[in-house]
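Q: Here is a sequence together with a model predicted from it:
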Amino acid sequence: MINKKLEKELGSDLFAQALQIFLNNAEKDFVLMNLYIEAKDYLNAKQLSHKLIGSCEAVGIKKLPKFLRELDANLKKRYVKRDSLTQINSYFEEVKSFLKTEYLIEIQD
Amino acid sequence: MNQTISCIIVDDDETSRFILTNLVKKNPALKLIKSCSNALEARELLENRDVDLILLDIEMPYESGMDMFQKLTSKPMVIFITSQTKHAIKAFEIDAIDYIVKPVDLKRLVEATDKVERRLASVKGRSHKADTVDEFIFIKKNRETFKLLYSNIIFIEGSSSYITYHTIDGKITTTGILKQIESELDPEVFVRVHRSYIINIRKVTKINSQELKVRDVSVPLSRKYKKKVSEIFLTSNTRID
């Protein structure tokens, strides 16, 4: 689910802080991206998919960047596969659940 | 390690900024000046202070990192840090020191920093040399001695026992022989290109197999000096005044 290399380099505390920032921002970005896709605002949706790729990769989340890249490429063509979007959203839920179990990190208001 | 490299981070993603900030703090070669969330903020900072290095994301809203960097009038060194490989060629075309694909790790950052240190050392070496060489000569004419800055000399012409200094303020003719003057000049700035001519390589604007354009003046390039001159121009990073 997550690459441990960064955790070793940053140390547990800083890594936990990074994950907290990631989770709070990613939650907002996922909601917003889905809304933009619903509204067929592909340009703004693509900006968010790109941003999410960067932040997932920055903390070392596995798989999700690959799914997001596919979505990003489709958004460029103003097209979204519903199944893929569902899969991405579902995988993000798994990431959240993993972060809560493994690192005791939950979304903060 | 020679000295601390001052740097800024520019990335629209807060998570990436946080991680990179902390990796930079773990690298003693780097000193973080500021972490910026967009190109505008970075540009404002760079207008007011010098930094050695930008750690720059590429795809950002409103203005990309590439666009921002290309618009800077005074360019620090740059390492692009991005989630895509597709901009790598362009990055190196605009003289990026390195191109790191996320996730960034400490080892990769240190490798990139080493490249920055090598570039800085090379630049400092050149400027130190320029500072330590006397960038002027004294010439005697009649009973007066003139101080002539290298930057004012375009080329020097010799004929029998006279030497004419072609400067940006006009000509000065004195007695003397070109060979003697040649030995007194800095060979990294002045180069013999013909039996009768020494040119300031910083003033050269064009070169072909038979002549050089020094400012607006054509100076012949003789066969004897052609090879040496070509090597100088091929291997130097000569600045043109």
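A: That came in fine, so what should we check first? Numbers count the residues shown, from 1 in each chain, chains lettered A, B, ... in the order given.

Q: Return the residues of chain B in contact with chain A.
A: For chain B, the contact set with chain A under CB under 8 Å from any CB of the partner chain comprises B:11-16, B:18-20, B:22-23, B:26, B:57, B:59, B:61, B:82-83, B:102-106. All C-beta atoms are positioned from the backbone trio N, CA, C, and that covers glycine.

Q: ok, of those residues, which come out buried?
A: By neighbour count, with 16 or more other CB atoms under 10 Å in any protein chain shown, the residues of chain B next to chain A hold B:11-16, B:18-20, B:22-23, B:57, B:59, B:82-83, B:102-106 as buried.

Q: The closest residue to residue B:32 other than its chain neighbours: neighbouring residues, count only.
A: Distances taken as CB to CB, 6 or more residues apart in numbering or on different chains put residue B:24 closest to residue B:32, at 4.8 Å, once the chain neighbours are dropped. If you count neighbours by other CB atoms under 10 Å in any protein chain shown, residue B:24 ends up with 23.

Q: who does the helix or strand that contains residue B:24 touch, helix- and strand-wise?
A: Element membership of residue B:24 [criterion: DSSP states H and E] is helix B:14-25. Other helices and strands packing on helix B:14-25, by 3 or more CB pairs under 8 Å, 6 or more residues apart in numbering or on different chains; DSSP states H and E, are helix A:5-10, helix A:12-38, helix A:42-59, strand B:5-10, strand B:30-36, helix B:106-132.

Q: can you rerun that using 10 Å?
A: helix A:5-10, helix A:12-38, helix A:42-59, strand B:5-10, strand B:30-36, strand B:53-56, strand B:77-82, helix B:106-132 (3 or more CB pairs under 10 Å, 6 or more residues apart in numbering or on different chains; DSSP states H and E).

Q: tell me the mean pLDDT over that helix?
A: The predicted model gives helix B:14-25 an average pLDDT of 96.

Q: next one: stretch A:24-35
A: Averaging pLDDT along stretch A:24-35 yields 96.

Q: buried residues in it?
A: A:24-26, A:29-30, A:33.

Q: I'd like the distance from it to the chain centre, please.
A: Relative to its chain's centre, stretch A:24-35 lies at 8 Å (CA atoms, centre = their mean, to the nearest Å).

Q: what does it rub up against?
A: Stretch A:24-35 is touched from outside by A:19, A:41, A:44-49, A:51-52, A:55-56, A:59, A:61, A:64, A:68, A:71, A:75, A:85, A:88-89, A:92-93, A:95-96, A:99, A:105-109, B:13-15, with contacts defined as CB atoms under 10 Å, 6 or more residues apart in numbering or on different chains.

Q: Spell out which parts of chain A neighbour chain B.
A: Neighbours of chain B within chain A, by CB under 10 Å from any CB of the partner chain: A:3, A:5-6, A:8-11, A:14-15, A:17-26, A:29, A:44, A:46-48, A:50-61, A:65, A:68-69, A:72.

Q: what's the following helix or strand after the helix or strand bottoming out on mean pLDDT in chain B?
A: Ranking every helix and strand in chain B by mean pLDDT, DSSP states H and E puts helix B:106-132 at the bottom, with a mean of 75. Going down the chain from helix B:106-132, the next helix or strand is strand B:136-141, by DSSP H and E.

Q: what comes up buried for that next one?
A: For strand B:136-141, the neighbour count (16+ other CB under 10 Å) marks B:137, B:139 as buried.

Q: mean confidence for the helix or strand that that strand is followed by?
A: Next along the chain after strand B:136-141, taking DSSP H and E as the criterion, comes strand B:144-149. What strand B:144-149 shows for mean pLDDT is 84.
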